[in-house]
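Participant: need a structure here:
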Amino acid sequence: MTTTTTVPGSGGAGSIMGLLRELYDGQSDRAYRFRYGLLAFDISTILFVVVSSFIERTAVLTAIDAVVGILVAADFLARFATSRTRWRDFGRLSTWADIVAVVSFLGPIVGEGGGFLRILRTLRLLRSYQVTERLRKDSEFYCYNEEVIQAVVNLFVFIFVMTGIVYVTQHTINPAIRNYVDALYFTVTSLTTTGYGDVTLPGTTGRLLSVAIMIFGVTLFLRLAQVLFRPHKVKFTCPTCALMRHDEDAVHCKACGTTLLIPDEGR
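Facilitator: Sure thing, here's the model as predicted:
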């Protein structure tokens, strides 16, 4: 006779929770593939929101919206269920971005603009410890250009979020903002301080929104320019003075002269 031993918590709800924790927080190859899949899903969702904004609303698009909304809601609930700080998570911007995204896909009264907040989840995933560490191990390109990639992501997050906000707040009251292209055009011209003057946001709220785009947008744009044009440095903590940035071919620390053993990954 064969005796089957049941491990407590290995079946039913316990096994589901264990699987979710392993997928969202684990270190296995399956967990990393799952999180890369979430990253790809985020990017695909953003592209869908952008492309569908130029297409006349149909029953098919509405159905796709609903499916995406259900998937986003399922992801959000899974994260909430596996989180050890679930109530504190509601103080995070990424949590509210998820909630707004779910409502924007499932609640027609809200409209599509909130869907642009989905890109905030991409930034969170890219910056999470597990995915960032995996990218450093798997991609030499990411490792070498990490600061540039982060600066580009930050800038695009800002552009898309502000485009969504401009569209949502203006398309019903401002004849110059008819679609996402108009909102994107205004956001980029304001961000670069070009200001052609053909599209403006009226009223106190519109002016304050324009000021926010110019101030924060220029800051992010300058940050990108800084990491693009300054000499590339490698991150390696000096064992003596803790200086972290050094020339790629540095043998000694410029601050204290300590001999450095910087891994060069075969370069």
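
Participant: Buried residues in the host helix or strand of residue 45, which are they?
Facilitator: Taking DSSP states H and E as the criterion, the element that holds residue 45 is helix 29-52. Judged by neighbour count using 16 or more other CB atoms under 10 Å, the buried positions of helix 29-52 are 31-32, 34-35, 38-39, 41-42, 45-46, 48-50, 52. Yep, even glycine has a C-beta here, placed from its N, CA and C like the rest.

Participant: and it, what does it pack onto?
Facilitator: Judged by 3 or more CB pairs under 8 Å, 6 or more residues apart in numbering; DSSP states H and E, helix 29-52 is in contact with helix 12-25, helix 59-82, helix 119-127, helix 129-138.

Participant: now with 6 Å?
Facilitator: In terms of contacts (3 or more CB pairs under 6 Å, 6 or more residues apart in numbering; DSSP states H and E), helix 29-52 is packed against helix 12-25, helix 119-127.

Participant: Average pLDDT for the first one, rounded please.
Facilitator: Helix 12-25 shows an average pLDDT of 80 in the prediction.

Participant: Show me the domain layout of this structure.
Facilitator: When the chain is parsed with automatic domain parsing, its domains come out as 14-144, 145-230, 233-267.

Participant: neighbours around residue 220, how many?
Facilitator: Under the neighbour criterion other CB atoms under 10 Å, residue 220 is assigned a count of 18.

Participant: any idea how far residue 144 is from it?
Facilitator: Noted for residue 220: a distance of 22 Å to residue 144, by CB to CB, to the nearest Å.

Participant: Report pLDDT for residue 133.
Facilitator: Residue 133 is assigned a pLDDT of 71 by the prediction.

Participant: correct me, but residue 191 touches residue 217?
Facilitator: Yes: when contacts are counted by CB atoms under 6 Å, residue 191 is listed as touching residue 217 (3.2 Å).

Participant: ok, residues contacting stretch 177-193?
Facilitator: Contacts made with stretch 177-193 from outside it, assessed by CB atoms under 6 Å, 6 or more residues apart in numbering, are listed as 53, 159, 162-163, 166-167, 170-171, 195-196, 199, 210, 213-214, 217.

Participant: just checking, which of those belong to helices?
Facilitator: Mapping the contacts of stretch 177-193 onto helices (DSSP state H) picks out 159, 162, 163, 166, 167, 170, 210, 213, 214, 217.
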